[in-house]
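# Prediction below, plus the sequence it came from.
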Amino acid sequence: MEDPVERKKIQQLKSYYQLVLPVTQILKWLSYADKFRICYREFSFVTVRSEFSRYESFNNAKEFRSRLINLGPARIDVGPTWPKSPLWSSKQGLDPVRKELVFDIDLTDYDDVRICCQEKNICVKCWKYMVIACKIIHRSLVEDWGYKHTLWVFSGRRGIHAWVCEPSVLKFDDDERYMISEFFQVSLTNSFGESQFRLTGITSFIQRALDIIDEDFLRFCVVEMDMLGTDERVQKFINLLRCPKIMRGVKKEFLDHDNSIDRWNAFLEYFYTKLVKGEIPEDCRYLVEELKLQYCYPRIDGSVTEGINHLLKMPFSVHPATDKISVPFDPEKIESFDPTTVPTLTQILSEVAEFKSCQQPGQRWNQWNPLYLYKTSLRDSFKVFIKFLVNLHGDLH
């Protein structure tokens, strides 16, 4: 017997795919203005009943939209471009040939430092970690790598995705993707209890990251995240200091203070006084910088970046667990992006229905119409996507 909740969800998804999802624009992006045949591009679906389908391919936007309307998938992922089509029958013995360079950062990986939320939950306060991550990665992609075409997208739940769409990176193999992933993976591990960062100097990339972190470190990390506010957090901090002499000295200093800001200032005074006197070991001279990176540096899922065959959620698709739309955002305006107000599937369909009710009846309102994007809460995100698309296509031609 069909579950009425599932039936309603499937119908909502089908309506969204029929009326709102910008399929044509998405395929223009993924085919690079028809430079590459879209029929070689892989898509995967997960249905409302958790049935998984991979290696789906389509000849055009009409086919793609028709499949979405018929299936009503709860999740849509994008894979690489393969050398042959149809993918489901020809993938055996073949390797993917093309895909964007992608980055995936998830707030779950910050559970050891955020105090407001844990696991799947997020709020505006801990979202600041994503703001810092986006700023550091985006500026490096532009300034260190010269990449001008990166699409940033909210995952729909608790993270952000970056799609680097430079023509030069599309054919990168796993080794080349690994090299770039390693450039950003400046830590040794992601678990507390052992010092992750070992700086022997400050490169321009690290200095830029520190400058970005310093904009918010004291207010956000020390005060809002109460970095040194409990015995447990103090012990985690002490464990990161590596040198037993420094650990003992800082622990003693902390006995005279009972809050994060005073403890952090006491640590700085102790450390820099010892540094001036030459009493800090050479391998600990960048300890302050290491600690800032420890708490705030982007925690990138390296496996997503390194594997050309890795799937990633399609922009403007719906997150099955939150009902939120995976919306593009402007990295230059990441400070004003609020993940808690991202529109949901239900909200968008309600806005579409309200808009339709004010129009003269006609067939044009029962099919995809750009007005459904411009007259709903997806307007700003769609504008970001179109601006990205225009700039990308301008360079391609």
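That came through fine.
# Would you verify that G394 is located in a strand?
No - using DSSP: H, G, I helix; E, B strand; the rest coil, the secondary structure at G394 is helix, not a strand.
# burial measure for it, as a count.
For G394, the neighbour count with other Cβ atoms under 10 Å is 10. For the C-beta atoms, the positions are set from N, CA and C on the backbone; glycine is no exception.
# Just want the most central residue of this structure.
I160 (1.7 Å; Cα atoms, centre = their mean).
# show me what contacts that residue?
Going by Cβ atoms under 8 Å, 6 or more residues apart in numbering, I160 touches D104, I105, M130, A133, C134, W152, V153, F154.
# And it, which helix or strand is it part of?
According to DSSP states H and E, I160 maps onto strand 159-164.
# Would you map the strands across the stretch 1-150 of the chain?
Counting by DSSP state E, counting those that start in this stretch, the stretch 1-150 of the chain has strands at residues 41-46, 52-56, 75-81, 101-106, 150-154.
# and the angle for the fourth one with strand 75-81?
Inter-element angle recorded for strand 101-106 and strand 75-81: 150 degrees (by axes from the mean of the first three to the mean of the last three Cα atoms, to 10 degrees).
# re the thing from before, which SSE is immediately downstream of the strand holding I160?
With DSSP H and E, the next secondary element past strand 159-164 is helix 174-184.
# List the buried residues of that following helix.
Neighbour counts over helix 174-184 (16 or more other Cβ atoms under 10 Å) mark R177, Y178, I180, S181, F184 as buried.
# now swap in stretch 290-303 and tell me
Using 16+ other Cβ under 10 Å as the test for burial, stretch 290-303 gives 290-302.
# tell me how far the ends of it are from each other?
Taking Cα to Cα, to the nearest Å, stretch 290-303 runs 24 Å from one end to the other.
# Just the mean pLDDT for that stretch, thanks.
If you average the pLDDT over stretch 290-303, you get 95.
# Helices of the stretch 201-350 of the chain, residue ranges please.
In the stretch 201-350 of the chain, the segments counted as helices under DSSP state H, counting those that start in this stretch are 204-214, 231-239, 244-254, 260-276, 287-296, 302-306, 345-357.
# TSV for those helices, including distance to R37?
Putting the helices of the stretch 201-350 of the chain into TSV (distance: least, Cβ to Cβ, whole Å) gives the following:
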stretch	distance to R37
helix 204-214	37
helix 231-239	52
helix 244-254	60
helix 260-276	56
helix 287-296	43
helix 302-306	25
helix 345-357	31
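# right, and these - which one's nearest F220?
F220 sits nearest to helix 287-296 of all the helices of the stretch 201-350 of the chain, at 8.1 Å, using Cβ to Cβ.
# Give me the helices and strands touching the closest one, please.
Contact analysis of helix 287-296 by 3 or more Cβ pairs under 8 Å, 6 or more residues apart in numbering; DSSP states H and E lists helix 204-214, helix 260-276 as its packing neighbours.
# repeat that with 6 Å
Applying 3 or more Cβ pairs under 6 Å, 6 or more residues apart in numbering; DSSP states H and E, one finds that helix 287-296 contacts helix 204-214.
# buried ones in stretch 214-230?
Residues of stretch 214-230 classed as buried under the neighbour-count rule (16+ other Cβ under 10 Å) are D216, F217, F220, C221, V222, E224, M225, M227, L228, G229.
# Using the record's domain definitions, break the chain down for me.
Domains of the chain are assigned by automatic domain parsing as 4-106+147-182+301-396, 187-296.
# Can you tell me which of the helices of the stretch 201-350 of the chain is most buried?
helix 287-296 (a mean of 20; mean count of other Cβ atoms under 10 Å).
# contact partners of that one?
Residues outside helix 287-296 that contact it (Cβ atoms under 6 Å, 6 or more residues apart in numbering) are V113, I132, Q196, F197, L199, L210, I213, F217, C221.
# give me that answer again for 7 Å
Helix 287-296 has contacts (Cβ atoms under 7 Å, 6 or more residues apart in numbering) with 113, 129, 132, 195-197, 199, 202, 209-210, 213, 217, 221, 227, 240-241, 268, 271.
# Relative to L68, which of the helices of the stretch 201-350 of the chain is closest?
Of all the helices of the stretch 201-350 of the chain, helix 345-357 sits nearest to L68, with 13.3 Å by Cβ to Cβ.
# Would you mind pulling up the elements that the closest one packs against?
Using 3 or more Cβ pairs under 7 Å, 6 or more residues apart in numbering; DSSP states H and E, the elements in contact with helix 345-357 are helix 4-19.
# go again using 10 Å as the cut-off
If you count contacts as 3 or more Cβ pairs under 10 Å, 6 or more residues apart in numbering; DSSP states H and E, helix 345-357 packs onto helix 4-19, helix 371-374.
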